[in-house]
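Colleague: Predicted model and sequence below, questions to follow.
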Amino acid sequence: MTAAVALTVAGTCMGAAQANPSHDELKVTQSPAAMAASAGAAAGVTCQVNAIVYNRNVACQTSQASVQVLRNGKEVGRATFTISHEMTLSKKSLKWSETTRVSKAAITGSASGIRMATSVSCGSPCKATSHVSSHTLGAAFSGKVDYSDGVKKNKIHSSAAKYTFTFTKPGYTLGSFSYSSLGFRCDDSFWNAANTRRILSPGCVFPKYKPTLTTMSTLPDIAKNIRRIQGKGGHYGKPGSGHPLRRLTSDTKANANRRAVCGKVKPVPGKSCDEYPFARTYEGGTALPAASRGIAMVPATEQDKQGGRIIGFYKQERVMDKDGFWVAV
């Protein structure tokens, strides 16, 4: 008997191969094809079925899948299982890894003997090396995928892993489905002003996650000013209820932002003009309505500490130009 495979990937625009209903066929489904992505805790993520949960450097996505065995259009067996990927990026390296896990499959009827193979790619200059071997569905199994990115000096490379799964069974033709990971970004952008020395090793993050700056909370007068401004207007930078701030890397624009709001402030001995949103954000200066911004005279010692802490945060979380972030005080 000539065999044929009908491939259906739920929720995608991929076309299904049309099978002659009088022939035996495999029907492969993965659901949902476009999984909801949600931010997890900065300290870690908890995997959820049919979801992608992530922070700045860890993402876990788990989906349900099944392979039906149809004979003359009627189901005579099914294998049901989950596929999970936990990818851990390195903020200070262009090499990282992920673990792929396939759960124990629930096998019914004639679904025994279905073999699954996995391939992974991530788009040049990224390279993916999969150690997930081919297995027969039944017992749970897992394997590693190693990644490396070749992003160049002062460059950024954004990509995602593409996973392709193929299923075979003697007497049936090939069936497969594929989907992608959460997008990641690698860069080698942190160099000194003269562009002669790195100030931070190249590394990678999940840019969809907006990190939170917390070190302003130990600068009392600056923290008070931030709380006052976050409590009104558009609540800019306030976690959970406001709009994120976005980093600005242009020194020229940052200096203009400072002059716009502090340029005419009368000097006070031992004090410094503190502006919020920060000058080094796209929301700084007079970019926002008056109700969403403000200044305060704070101890110069606090102001001296503030700039270094903000720059340190940008480096720690690899916050690039226009990246969003929160400020918790």
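Modeller: Perfect, I can see it now.
Colleague: wait, doesn't Phe167 sit right on Val28?
Modeller: Yes. Counting by CB atoms under 8 Å, Phe167 touches Val28, with 5.7 Å between them. All C-beta spots, glycine's among them, are computed from the backbone N, C-alpha and C.
Colleague: The nearest residue to Arg227 once chain neighbours are set aside: what's it in contact with?
Modeller: Of all residues not flanking Arg227 in the chain, Val329 sits nearest, at 5.4 Å (CB to CB, 6 or more residues apart in numbering). By CB atoms under 8 Å, 6 or more residues apart in numbering, the residues touching Val329 are Met216, Ser217, Ala223, Ile226, Arg227, Gln230.
Colleague: Make a PyMOL selection of the buried ones in the residues you listed.
Modeller: Of the contacts of Val329, the buried ones go into a single PyMOL selection, burial set by 16 or more other CB atoms under 10 Å:
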select buried, resi 216+223+226+230
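Colleague: who touches the residue lying closest to Val132 once chain neighbours are set aside in this structure?
Modeller: Counting by CB to CB, 6+ apart, Gly143 is the residue found nearest to Val132 once chain neighbours are left out, at 3.3 Å. By CB under 8 Å, 6+ apart, the residues touching Gly143 are Thr99, Thr100, Thr118, Ser130, His131, Val132, Ser133.
Colleague: Helix, strand or coil: sort out Asp221 for me.
Modeller: helix (DSSP: H, G, I helix; E, B strand; the rest coil).
Colleague: In this structure it contacts Ile295, no?
Modeller: No. Asp221 is beyond contact range of Ile295, at 11.9 Å (criterion: CB under 8 Å).
Colleague: Could you name every residue contacting both of the two?
Modeller: With CB under 8 Å, 6+ apart, Asp221 and Ile295 have common neighbours Asp274.
Colleague: Which one of those two is surrounded by more residues?
Modeller: Asp221 (17 against 14; other CB atoms under 10 Å).
Colleague: For the residue lying closest to that one once chain neighbours are set aside, give me its contacts.
Modeller: Among residues not flanking Asp221 along the chain, Val298 sits closest, at 3.9 Å (CB to CB, 6+ apart). Residues near Val298 by CB under 8 Å, 6+ apart: Leu219, Asp221, Ile222, Asn225, Lys271, Ser272, Asp274.
Colleague: Can you pick out the most distant pair from those residues?
Modeller: Distance extremes for these: the farthest pair is Leu219 and Lys271 at 13.7 Å, using CB to CB.
Colleague: Now the longest helix seen in the chain: buried residues?
Modeller: Secondary structure of the chain per DSSP state H: the longest helix is helix 300-316. By 16+ other CB under 10 Å, the buried positions in helix 300-316 come out as Glu302, Gln303, Lys305, Gln306, Arg309, Ile310, Phe313, Tyr314.
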